[in-house]
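Asks: Give the three-dimensional model of this entry:
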Amino acid sequence: MTQKDPSSELPHISDETWEASWKKHWENAQLNYELPPSPHNTESAERDFLMDPRSEEKEKERLSRIDKEFTMGFERLGHLGPAVTIFGSARFKPGERYYEKAEATGAGFAKAGFTVLTGGGPGAMEAANKGAFEAGGRSYGLNIVLPHEQHANPYVHDSVEFNYFFVRKVMLFKYSCAFIVMPGGMGTLDELFEAVTLIQCNKIGPFPVILVGSEFWSGLREFVGFMASQGVFAPEEIGFAHIVDTPEEAVDMVLRSMPADFRAQLKPLGEEG
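Replies: Presented below is the predicted three-dimensional model:
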């Protein structure tokens, strides 16, 4: 029996629909160009970084805030031990399939002896933290302060709060030895491609990158193939991530990617003693 290609059922977005959506988005963006200050942070670090004049005095003050945020991250996260980061959309709700899959993925990695890191918010992040937390493993959220707020989810042993997206991403990459990517939107794609760029350029790793959900990621696989045909990907760069469908496959792939001496240092739940 021939298996149906899920990409053949993807909805088509016409040029007109794309253009209309872009115009609506851009008009709204123009109306709100002066971003409101964050209720969490009177300095509104990310907003100031983008909007303020670049005087030398202000740049030095900003650099000091960035330095303090890096130092805080190093101090709070330096003790974690082997960890994986699980990325994914903030929009999934409990009971939805990708929420449930992210929860099972967090539980699977916690049981294997990994600390589970996420961006600390709702959706797939909450689900992964919940799975790890309720399995008895270590669960941490690296939360970001946003103008429209992102509350830390309740399934973490510690929530580390950042004002700068780039500092948070450094921490997620620095303290992880594998990256698990659940279905997600712009933020998830940003994190995915920064991870694979750092690996491609030998700045970190090499560490395994696992995409969970073959149906969701089929369009990306096809697009990467198209880009390769245009000469922007070398043949050996196409398979930058392994695509799986189950949490068990994700855990198994990460474990098999690790050196034997590293695997020997892991303490699976139930075997700590």
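
Asks: Okay, now the unreliable bits of the stretch 101-250 of the chain?
Replies: Residue ranges of the stretch 101-250 of the chain with pLDDT under 70: 147-150.

Asks: how about the strands in this protein?
Replies: Secondary structure of the chain (DSSP state E): strands at 83-87, 115-118, 139-144, 158-162, 179-181, 209-212, 242-244.

Asks: Dump the C-alpha coordinates for the longest one into CSV.
Replies: So that's strand 139-144. Only the C-alpha atoms of strand 139-144 are listed here, as CSV (Å, rounded to 0.1, in the frame of the first residue of the first chain):
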residue,chain,number,x,y,z
SER,A,139,13.2,20.9,35.0
TYR,A,140,14.2,24.5,34.3
GLY,A,141,12.6,27.3,32.4
LEU,A,142,14.5,30.2,30.9
ASN,A,143,11.8,32.8,30.7
ILE,A,144,11.8,36.0,28.6
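
Asks: what's the distance between residue 265 and residue 81?
Replies: Distance of residue 265 to residue 81, computed by CB to CB, to the nearest Å: 8 Å. All C-beta atoms are positioned from the backbone trio N, CA, C, and that covers glycine.

Asks: How about residue 252?
Replies: Using CB to CB, we find residue 252 at a distance of 20 Å from residue 81.

Asks: count of residues packed around residue 267?
Replies: Counted with other CB atoms under 10 Å, the neighbours of residue 267 add up to 13.

Asks: tell me the contacts of it?
Replies: Listed by CB atoms under 8 Å, 6 or more residues apart in numbering, the contact partners of residue 267 are residue 113.

Asks: how close does it get to residue 82?
Replies: Going from residue 267 to residue 82 by CB to CB gives 9 Å.

Asks: shared neighbours, the two?
Replies: Taking CB under 8 Å, 6+ apart as the criterion, residue 267 and residue 82 both touch residue 113.

Asks: measure the residue nearest the centre of the chain to residue 256 for me?
Replies: For the chain, the residue sitting closest to the mean C-alpha position, by CA atoms, centre = their mean, is residue 87 at 3.0 Å. To residue 256, residue 87 is 21 Å away according to CB to CB.

Asks: any idea how far residue 84 is from the closest residue to residue 268 other than its chain neighbours?
Replies: Closest residue in space to residue 268, ignoring its immediate chain neighbours: residue 113 at 4.6 Å, by CB to CB, 6 or more residues apart in numbering. Using CB to CB, we find residue 113 at a distance of 10 Å from residue 84.

Asks: circling back to that earlier point, give me every residue that touches the residue nearest to residue 268.
Replies: By CB under 8 Å, 6+ apart, the contact list for residue 113 reads 82, 137, 266, 267, 268, 269, 271.

Asks: swap the cut-off to 10 Å and go again
Replies: 81-82, 137-138, 255, 263, 265-272 (CB atoms under 10 Å, 6 or more residues apart in numbering).

Asks: Select from those the one having the most neighbours.
Replies: Busiest of these [other CB under 10 Å] is residue 137, holding 23 neighbours.

Asks: Give me the phi and psi angles of it.
Replies: phi -90, psi -170 (degrees, to the nearest 10).

Asks: Tell me who's in contact with the closest residue to it other than its chain neighbours.
Replies: Distances taken as CB to CB, 6+ apart place residue 110 nearest to residue 137, at 2.4 Å, with adjacent residues excluded. Residue 110 makes contacts with 84, 116, 128-129, 131-139, 251, 268-269, as judged by CB under 10 Å, 6+ apart.

Asks: let's see it at 7 Å
Replies: When contacts are counted by CB atoms under 7 Å, 6 or more residues apart in numbering, residue 110 touches 116, 131, 132, 135, 136, 137, 269.

Asks: likewise residue 217?
Replies: Per CB under 7 Å, 6+ apart, neighbours of residue 217: 211, 243.

Asks: Residue 245 against residue 214, yeah?
Replies: Yes: counting by CB atoms under 7 Å, residue 245 touches residue 214, with 5.3 Å between them.

Asks: Among those two, which residue is more densely surrounded?
Replies: More neighbours surround residue 245 than the other of residue 245 and residue 214, with 15 against 12 (other CB under 10 Å).

Asks: how much space between that one and residue 216?
Replies: In this view, residue 245 and residue 216 are 10 Å apart by CB to CB.

Asks: Please determine how far residue 60 is located from residue 254.
Replies: 42 Å.
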